[in-house]
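Trainee: Predicted model, plus sequence, below.
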Amino acid sequence: MYTVVGGGIAGLATAYRLQQHGHQAHVYEASEDIGGLAALYETAGDPLEKYYHHLSKSEETIVELAEELGVGDRVKWRIGRNAYYVDGVVHPLDKPWEILAYPHLSTYDKFRLGMLTLEVDVRGGIPEMNAYETLEAYEDVPVKDFLLDHASRGVYEQFFEPLLEAKFGDRKEDISAAWLLGRIKFRGERDPLRGEILGYFDGSFGVLLEALVDAVGQENITTGARVTDIEISGETAPVGSPAGITESGSSESSADEPEPASDGGDVIAGRDASDAPSLVNDTESSEVTKANQSGTVKSVTVETADKTRTRPTKGVVIATMPNVLESLTGYVCPIDFQGAVCAVVTMDESLTDTYWLNISEDVPFGALIEHTNFVPPKRYGGEHLMYVASYIQSREERLWRASDEDVRELWLEAIADLFPDFDREAVTQFRISRNPRVAPVYERGYLETVVPYDLGDAVGEGVYYAGMASRAQYPERSLNGGVVAGFECADRIDHAWQTRPPPAWAHCSRSETACKSQIHQSSPVGRAYLIELRESLLPRNGSSRSASSTPSPASHTRTKRKAHGLSRGRRYEKEDTQQWLVRRPVVLVMNGRQFEANHRASRFSRIQSSVYAHRLTAVSAS
């Protein structure tokens, strides 16, 4: 059984892919709900994500997954209208003529901006096509320097600088040009006559989550369960042991111990977000006290409301934010993360006709995203739904520390300043979500700091990472990246499993029957589960049972399969000390099919064997 920490999209995708490879996996989610950043609110119609979500055409893996799960027809591709609010005017920027009419860029600035979005470098007077294909080449280039060099000062100051300020605040000078170029690629699919093409699930992204949960199996997902410890063999203490958790897994913990959040939960280390000291990893004060350890994952300790248990595991995939990775393994990720305050405003009427409205003014939020200008209001019982969102760089910021009521008042007042005709009485609901870690800060040199999928060398064999600090979330984070990260970890696990050496067979002795077996198979090379039998020989006349009590071959096989779950496609790994009389070949489960292995008979003419140790062992068949 493999353990997956985190019940967001990455964790569910990991478990699903592992099962597709034929492995068992169990997902543990610290909160009571799965979904992470894709968690939902209820509306008068379809549910809606607490944080805005959509798909770009470049996000192919998640769409393929939806098709595989039978919900691909629920993905609808629509036009998401974009506009820029400058000096009291909403300027649409979807169609070529709208861009040409934009008054805050010169003709030259518009030309340079257009060439940049088409990935054409016109410096030196000779156009170079596909000039920005390799993002890594711009990893160490500050985004401001890049724009001044590859576009123009007007493009930077009048177009990009307000957007960078809204997203990264005072960190904007640290941002890598690779992030900007990657975002242009990520959001680059456009209909030349209508605008940007974006996707959304009819019924919310919960449709995909429900399909994943059904595929993984409700019985393989436990919510309200936090993994507090990972035991790795060969260490003096389990990696990531909180105070009070012993190496054996017994609990002396108190309710005040840190609680790792899921990938997108609203809890930081078991405390309310407002009590935590900073939004980013304190890499200067943290020490990797348990990294670079040798050993193999042996077990995980899982804490629920009523008990704490230690469970054996073949491996662990941590599909959460990197702070949870650090708390469990000691692996320090130096990537800084920014938080967000996001409100869903329910209104009786629409504010604009735009989906995504960027704002150049000095306002206490970064953008207005009117969801029902993208997905029709009829899907939500006629309600008009709008996201108001702001990124947070520090918990000392006023917005993070403000109460929900203060945020509501601040934001509604700012909206009324932007739109004098806005009727506050039209607002029927104002729901706020806060999360301390929603996106990485894509600084220069970011790629050097991503967490590897396989942490075998840094932490221990069998430890993997599929969270937002993984390579799949570069150069822009997305739900698609979560699926990719989960698949990458599962594929690496399966590859390691397929290539592992077979175990050495037990040698015979005078007191034991040979249990060396010859595998008979008609299928291609694959994994197999072999029942190893350790048998003691009894004297010719020393049987403890009469011959009549010996089960027939057919009944014995049925009994054995029933007792040990050897049905098609099911695999077990457990110890069993029940006594059995064995006169049949051992049963083998290989690639979901049942085979038999020849059991070498003893030279004794009459044998009764007592099986005193029985186990199912995974082997590599060849």
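Mentor: Great, that's in hand.
Trainee: residues of the longest helix seen in the chain that come out buried?
Mentor: Among all segments of the chain classified by DSSP state H, the helix with the greatest residue count is helix 479-498. By neighbour count, and taking 16 or more other Cβ atoms under 10 Å as the criterion, the buried residues in helix 479-498 are 479-490, 492-494, 496-497. Every residue, glycine included, has its C-beta placed from N, CA and C.
Trainee: Mind giving me the packing neighbours of it?
Mentor: For helix 479-498, the elements it packs on are helix 9-20, helix 60-68, strand 315-318, strand 463-465, judged by 3 or more Cβ pairs under 8 Å, 6 or more residues apart in numbering; DSSP states H and E.
Trainee: Is it possible to get JSON lines of the ones you listed that adds mean neighbour count?
Mentor: Listed next are the helices and strands packed on helix 479-498 as JSON lines, based on neighbours: other Cβ atoms under 10 Å:
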{"stretch": "helix 9-20", "mean neighbour count": "27"}
{"stretch": "helix 60-68", "mean neighbour count": "17"}
{"stretch": "strand 315-318", "mean neighbour count": "30"}
{"stretch": "strand 463-465", "mean neighbour count": "29"}
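Trainee: angle of the longest helix of the chain against helix 9-20?
Mentor: Taking axes from the mean of the first three to the mean of the last three Cα atoms, to 10 degrees, one finds that helix 479-498 is oriented at 30 degrees with respect to helix 9-20.
Trainee: how far out from the middle of the chain is helix 479-498?
Mentor: Distance of helix 479-498 from the chain centroid (Cα atoms, centre = their mean, to the nearest Å) equals 10 Å.
Trainee: quick check: mean pLDDT across that helix?
Mentor: The pLDDT scores in helix 479-498 average 96.
Trainee: okay, now the nearest residue to residue 220 once chain neighbours are set aside: neighbour count?
Mentor: Once flanking residues are discounted, residue 220 sits nearest to residue 26: 5.2 Å by Cβ to Cβ, 6 or more residues apart in numbering. One way to gauge burial is a neighbour count; for residue 26, by other Cβ atoms under 10 Å, it gives 21.
Trainee: Could you do the one 5 residues further on as well?
Mentor: Other residues within reach of residue 31 by the criterion other Cβ under 10 Å amount to 22.
Trainee: Would you agree it falls within a strand?
Mentor: No: for residue 31, which was evaluated using DSSP: H, G, I helix; E, B strand; the rest coil, the result is coil, with no strand membership.
Trainee: Surely it and residue 225 touch.
Mentor: No: if you go by Cβ atoms under 8 Å, residue 31 and residue 225 don't touch, sitting 9.7 Å apart.
Trainee: would you list the helices and strands packed on helix 479-498 in TSV and tack on distance to residue 368 and mean pLDDT?
Mentor: Formatted as TSV, the entries for the helices and strands packed on helix 479-498 read as follows, by distance: least, Cβ to Cβ, whole Å; pLDDT from 0 to 100:
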stretch	distance to residue 368	mean pLDDT
helix 9-20	26	97
helix 60-68	26	97
strand 315-318	35	98
strand 463-465	35	98
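Trainee: Need those in CSV (columns: distance to residue 54).
Mentor: As requested, these are arranged in CSV below (distance: least, Cβ to Cβ, whole Å):
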stretch, distance to residue 54
helix 9-20, 14
helix 60-68, 11
strand 315-318, 27
strand 463-465, 26
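Trainee: Which residues does stretch 485-492 contact?
Mentor: Applying Cβ atoms under 8 Å, 6 or more residues apart in numbering, the external contacts of stretch 485-492 come out as 9-18, 20-21, 23, 61, 317, 319, 453-454, 464-467, 470-473.
Trainee: For residue 361, list the residues it contacts.
Mentor: Residues near residue 361 by Cβ under 8 Å, 6+ apart: 85, 86, 418.
Trainee: And these, which is closest to residue 202?
Mentor: In terms of Cβ to Cβ, no member of the contacts of residue 361 lies closer to residue 202 than residue 85, at 29.7 Å.
Trainee: Which helix or which strand is home to that closest one?
Mentor: Residue 85 is part of strand 82-86 when elements are defined by DSSP states H and E.
Trainee: Who are the packing partners of that strand?
Mentor: Using 3+ Cβ pairs under 8 Å, 6+ apart as the contact test, the elements touching strand 82-86 are strand 89-92, strand 356-359.
Trainee: who does that strand pair up with?
Mentor: When pairing is defined by DSSP bridges, strand 82-86 lines up against strand 89-92 (antiparallel), strand 356-359 (parallel).
Trainee: now, of those strands, which is deepest in the fold?
Mentor: Among these, ranked by average contacts under mean count of other Cβ atoms under 10 Å, first place goes to strand 356-359 (a mean of 22).
Trainee: so who does residue 187 touch?
Mentor: For residue 187, the contacting residues are 56, 58, 196, by Cβ under 8 Å, 6+ apart.
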